[in-house]
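J.: What shape does this take:
(chains A and B)
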Amino acid sequence: MIGNIAALAIVPVAGVAGIIFGLLFKGLDRVLGARMQARVGPPLLQPFIDVKKLLMKENIVPQNAVAWLFNAAPVAALCASIALLLYIPLFGSGALLEGSGDMVLVVYLLLLPSLAMVAGGFASGSHYATVGAQREMVAMLSYEFPLAIAVVSAAWLLASKAIAVQAFSLAALSAFPLWSLVGTLGFVGLAVLLAVLLFVMPGELGKAPFDVAEAETEIAGGVLAEYSGVNLALFYLADAVKSFAMAAIIVAIFLPWNATAMLSISDMWAGAAAGALFFLAKVFAVMFAGNTFMRIALARLRITQVVRVYWGYASAAALAGLLLIAAELVLVV
Amino acid sequence: MKGQWCFMAEKETMRHGKQRLDTGAGRGDEETMQHAKGGTSFTISIGPVHPALKEPIQLDFEIEGEKVKNADLRLSQAHRGIEWIGTNRNPIQILYLAERICGICNVCHTLSFCRAVESIANIEVPPRAQYIRTVTAELERIHSHMLWAGVAAHELGFDSVMHYTWRAREKVLDTIEILTGNRVTKGMPTIGGVRRDFPEKHHKRILETVGFYKSIFGKLQDMLLHDPVIEARTRGIGVLKKEEALALCAVGPTARASGVKRDVRQDEPYAAYCDLGVRAITPKEVLGEVHGDVFDRIAVRLAEVAQSADIIEHCVRNIPEGKIVFEEKPIKVLAQLRGAQGEGIGRLEAPRGEVFHYVKMTGQEAPYAWKVKAPTYSNLLSILPMMREAQIADIPIIAASIDP
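T.: Okay, here's the model as predicted:
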């Protein structure tokens, strides 16, 4: 009980940390993206400036919008994104809240910001936003399947190999690096699953080539078309936090090594610092591969193509990864 | 008379174009309306202000889910009254107005106007001026097509290609600045010649620019034509059949991409093109077959960049010596024009297609009439058949594919 209350006190801290690092990584993404496009790009702290500007702007609610839902959606999106952070092991230490089955909860929490955007889009009463919300829903239905396969496969592998632990727990997943539990076949399978997760990441975050819901040249910002001021800032923050959380989840499942243990640092503070830095480096690597690189290298797909890519190629790849792991488990046992 | 017929034909085909679109959707207007009440379809307006459009036009789409069921076009959103202003100015002053009709293809409009006036006053343009006009016009074509490639990539949500093509475009802009003093608005053609000479020291710079575009041509092809995502987004999208292109009087790369071998430089050569034997480029020459889709329009424009590079190189190497304008003093030119009477037309191939200027002079200082037809006006109606079976995601790239 006392532990829970202490954890509750840490919630705002986690929220602020998530926002700061989320925005920082957004800035890094923009600078690196610009360099890859032969541009100079904005300053590293531009996302902070953007949020500050948006917070100072007028908050406009369209006349034909459902005002309460329109205003509630951004808050819900940001809350869900911050709630995500509580369940993910961050900075080389454990998660603030943990327990059996939190992996399932995390997958659902990942959905919530997107659902909030859909609700806000429909509530804003604009055709562009309606089209965007429809697209966001279809995209959600598409990328959930490969995401679920990847997560379930990882948990199943852990459950089969280390029977004593709670398989669907992120803490357990990050305590046992999966790569050391498998042979060659399983290793390839895990690599495929990691690639699938990296591929799902831009879809989950609504970034190019899967930014169909916002598509500014087609539907003028889509779900966000009518949002402005504080509401838009909240969505912006939710996006930054969710990007950070999504990368941290991939790190927790597939790249859970801890610098403190690896370097066997005895000093507590030095160990924590090394762990935190190593964690940030891993998150950066995941963000770069799954977000920045894909965004720069590919053009936006049509919504029908998004569905085909996720239901077809990504799902097939995820199932192949699952089968490889299954084959290994059967062969070894 | 011919012009009138063309206009009637356009009206006719516009109506037909809409009907075809309706039949494509499988039902008539009334049913669509009923459907709209049922709530499954709704109308989206793209424009007059929309991120996908660079100029104010309004496209009304009836949408069902993601599919376009019907499309309509509304024009005349921005009337600037340039022609009326022109009828209160003398021809030398009109040059500056004509230059501002279109920012990107400014040489084409001034040149077209000059040719119309020159034909009325029987002014002979020196050969060197003809070559300089050609080089400027072709530099402009490279600039325009590179700009368009970037815009098209941006409409596809592919900003990386936009930044790469626009960086490559800087080279030609810098060269234009060296040659004419300005990056975009060149102010080169004047009545009876051009306003600036290309001295010997600038020839090297022009050839260097041409060499640059030839050297990156392979890269551009890789970026735009061999990219799987671009191909997936543009193949079979926005198809304009050859018959439709002819019926709707499409011009320029839009018509050529549908397999119509129409190019003013080939059909009615002007300036130095008489010595060059320019051939219209259709997708058949570039890709081997004609689909008439957005991908073909990219391919045709890209091939025209290479063609322009060849033309510029040939012109610079073979530029004749001599005067650059038939009469250097504008006041003397104006005196000669004041006596001129009659009608004249100037046609030429702008980057977007045929530019047409009609001028009537009645011995006054200002022309009695001045009519401009820019290529986009001829091409706009082609958007409607292109939108058949399109999705919302295809609307921006289809609208951009005529290079409005």
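J.: Report the central residue of the chain.
T.: If you meant another chain, say so; for now it's chain A. A:M246 (2.0 Å; C-alpha atoms, centre = their mean).
J.: Can you look at chain B instead?
T.: Taking C-alpha atoms, centre = their mean, chain B has its central residue at B:R352, 1.5 Å away.
J.: residues contacting A:V192?
T.: By C-beta atoms under 8 Å, 6 or more residues apart in numbering or on different chains, the contact list for A:V192 reads A:A317, A:A318, A:A320, A:G321, A:L324. (Each C-beta comes from the backbone N, C-alpha and C, glycine too.)
J.: Most neighbours out of those, which is it?
T.: Using other C-beta atoms under 10 Å in any protein chain shown as the contact criterion, the top neighbour count among the contacts of A:V192 goes to A:A318, which has 28 neighbours.
J.: quick check, distance from the helix or strand hosting that one to the centre of its chain.
T.: For A:A318, the host element (DSSP states H and E) is helix A:315-332. The chain centroid and the centroid of helix A:315-332 are separated by 24 Å, computed with C-alpha atoms, centre = their mean, to the nearest Å.
J.: got it, and stretch A:173-182?
T.: Per C-alpha atoms, centre = their mean, the displacement of stretch A:173-182 from the mean C-alpha position of its chain is 21 Å.
J.: residue ranges with poor pLDDT in the stretch 1-150 of chain B?
T.: Screening the stretch 1-150 of chain B residue by residue with the criterion pLDDT under 70, one finds the ranges B:1-39.
J.: now with 90?
T.: Counting by pLDDT under 90, the stretch 1-150 of chain B contains low-confidence ranges at B:1-83, B:86, B:90-92, B:99-106, B:121-125, B:127, B:130, B:150.
J.: What parts of it come near chain A?
T.: Residues of the stretch 1-150 of chain B lying near chain A by C-beta under 8 Å from any C-beta of the partner chain: B:F42, B:T43, B:I44, B:H50, B:P51, B:A52, B:I63, B:G65, B:E66.
J.: and the two most separated of those residues?
T.: Across the residues of the stretch 1-150 of chain B next to chain A, no pair lies farther apart than B:P51 and B:G65, at 21.8 Å, counting by C-beta to C-beta.
J.: can you give me the strands for chain B?
T.: When assigned using DSSP state E, the strands of chain B occupy the ranges B:41-46, B:58-64, B:67-74, B:189-190, B:193-194, B:341-350, B:353-362, B:369-373.
J.: quick one, which of B:P51 and B:G65 is more surrounded?
T.: Each of B:P51 and B:G65 has its neighbours counted (other C-beta under 10 Å); B:P51 has more, 16 against 13.
J.: Now that one. Its backbone dihedrals?
T.: In terms of degrees, to the nearest 10, the main-chain angles of B:P51 are phi -60, psi -20.
J.: For B:R89, grab the count of nearby residues.
T.: When neighbours are counted by other C-beta under 10 Å, B:R89 comes out with 16.
J.: Could you check how far the closest residue to it other than its chain neighbours is from chain A?
T.: Of all residues beyond its chain neighbours, the one nearest B:R89 is B:A366 (5.8 Å), with distances taken as C-beta to C-beta, 6 or more residues apart in numbering or on different chains. For B:A366, the distance to chain A under the criterion C-beta to the nearest C-beta, to the nearest Å works out to 43 Å.
J.: Tell me who's in contact with the spatially closest residue to B:I395 that is not a sequence neighbour.
T.: Sequence neighbours aside, B:I46 is the residue nearest to B:I395 in space, at 6.0 Å (criterion: C-beta to C-beta, 6+ apart). Applying C-beta under 8 Å, 6+ apart, we find B:I46 in contact with B:A52, B:L53, B:Q58, B:L59, B:D60, B:F61, B:I395, B:P396, B:A399.
J.: any idea which element the residue nearest to the centre of chain A lies in?
T.: Using DSSP H and E, the secondary-structure element containing A:M246 is helix A:229-254.
J.: by contact count, what packs against that helix?
T.: Packing partners of helix A:229-254 (3 or more C-beta pairs under 8 Å, 6 or more residues apart in numbering or on different chains; DSSP states H and E): helix A:2-36, helix A:46-56, helix A:67-87, helix A:102-123, helix A:127-161, helix A:170-175, helix A:184-205, helix A:268-287.
J.: This completes my enquiry, with thanks.
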